[in-house]
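Chemist: sequence and predicted structure are below.
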Amino acid sequence: MLEIKNLVCRYGKVTALEGISLKVPEKQLVVLVGANGAGKSTTLRAISGLVPAASGQIIFDGEDITSMAAGRILAKGIAHCPEGRRVFGEMSVLENLEIGAYLRRDAKGIADDLDRVLDLFPRLAERRKQVAGTLSGGEQQMLAIGRSMMSRPRLIMFDEPSLGLAPNIVEQTFSIIQGIRESGTTVMMVEQNAFAALDMCDYAYLLEAGTMVLEGKGEDLIKNPHVREAYLGAG
Ligand code: ATP
């Protein structure tokens, strides 16, 4: 469904991605793990059209989207749930969710998806009139996920969904992400919590300093000595 070929991204003189390649097959959950600064967020930002590619290609459904504007990429069905749960703090929960659907014109479909999101997140349903800035961290994360779902994406990308959340909320967030994948939406996820991410994914890539160093099924990466030592705190 999504394929990246030899992607290079630069911020001025800093090369963040040195020619990476990866594939995200339809209806699978693919994770990207790696240390701070490895280039994980840059990869997602490049797919969304928020960072330009210096060279290489990003293909979605057979179409080259490498130089497409971010709004068009979203309209093609790629949603991005960025790091740090950026909700619109002054707006209500409901308004934040409605913004997620701003490119859609199918009022009935939007209303159905809103019901689905509020069913999935009862805490958001209870707080639908509350301004988003006063929600707890975990609730804001739920809202950011719900908002990405409102564009009815075919591919949804999560950047560090567990960052800064209490352990029980982390578990809940991961089970919601698994539920999204089980409902047939393709998922790509960047996660520092390498063990949980590898445990739940279909396939994984390991990025180190802008280079893809390892790929395989999650269960195989969990067993890999280098991964165990560097990312899972085991010998
Ligand atoms: P983290 O887990 O810490 O978010 P990451 O793997 O997502 O790390 P990126 O945010 O993609 O890493 O950053 C990759 C490299 O690009 C880093 O060296 C970072 O300092 C650099 N970088 C990221 N954004 C910018 C920017 N706007 N300007 C300059 N350099 C940047």
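Modeler: Alright, I've got the coordinates.
Chemist: gap between Arg10 and Val24?
Modeler: 23 Å (C-beta to C-beta, to the nearest Å). For glycine as for every other residue, the C-beta is placed from the backbone atoms N, C-alpha and C.
Chemist: same question but for Asp112, I mixed them up
Modeler: To Val24, Asp112 is 26 Å away according to C-beta to C-beta.
Chemist: the two - which one has more neighbours?
Modeler: Neighbour totals were compared for Asp112 and Val24, and Val24 leads with 23 against 12 (other C-beta atoms under 10 Å).
Chemist: report the contact partners of the more buried one.
Modeler: Counting by C-beta atoms under 8 Å, 6 or more residues apart in numbering, Val24 makes contact with Met1, Leu2, Glu3, Val30, Leu155, Thr186, Met188.
Chemist: redo those as JSON lines? Include secondary structure and distance to the ligand.
Modeler: Below are these laid out as JSON lines (DSSP: H, G, I helix; E, B strand; the rest coil; distance: C-beta to the nearest ligand atom, whole Å):
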{"residue": "Met1", "secondary structure": "coil", "distance to the ligand": "22"}
{"residue": "Leu2", "secondary structure": "strand", "distance to the ligand": "18"}
{"residue": "Glu3", "secondary structure": "strand", "distance to the ligand": "20"}
{"residue": "Val30", "secondary structure": "strand", "distance to the ligand": "16"}
{"residue": "Leu155", "secondary structure": "strand", "distance to the ligand": "18"}
{"residue": "Thr186", "secondary structure": "strand", "distance to the ligand": "20"}
{"residue": "Met188", "secondary structure": "strand", "distance to the ligand": "13"}
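Chemist: per-residue pLDDT of the residue sitting nearest the centre point of the chain, please?
Modeler: Against the mean C-alpha coordinate of the chain, by C-alpha atoms, centre = their mean, the closest residue is Phe158 at 1.6 Å. At Phe158, the model reports a pLDDT of 94.
Chemist: contacts only, for it.
Modeler: Cys81, Ile145, Ser148, Ile177, Val187, Met188, Met189, Val190, Glu191.
Chemist: farthest-separated two in the residues you listed?
Modeler: For these, the farthest-apart pair by C-beta to C-beta is Ser148 and Glu191; their separation is 15.8 Å.
Chemist: which one of those two has more residues nearby?
Modeler: Glu191 (25 against 22).
Chemist: the more buried one reaches Gly34, doesn't it?
Modeler: No. Counting by C-beta atoms under 8 Å, Glu191 stays clear of Gly34, with 9.7 Å between them.
Chemist: re earlier: among the contacts of Val24, which ones are buried?
Modeler: Met1, Leu2, Val30, Leu155, Thr186, Met188 (16 or more other C-beta atoms under 10 Å).
Chemist: would you reformat those residues as JSON lines and include pLDDT?
Modeler: Output for the buried ones among the contacts of Val24, formatted as JSON lines (pLDDT from 0 to 100):
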{"residue": "Met1", "pLDDT": "95"}
{"residue": "Leu2", "pLDDT": "98"}
{"residue": "Val30", "pLDDT": "98"}
{"residue": "Leu155", "pLDDT": "97"}
{"residue": "Thr186", "pLDDT": "97"}
{"residue": "Met188", "pLDDT": "97"}
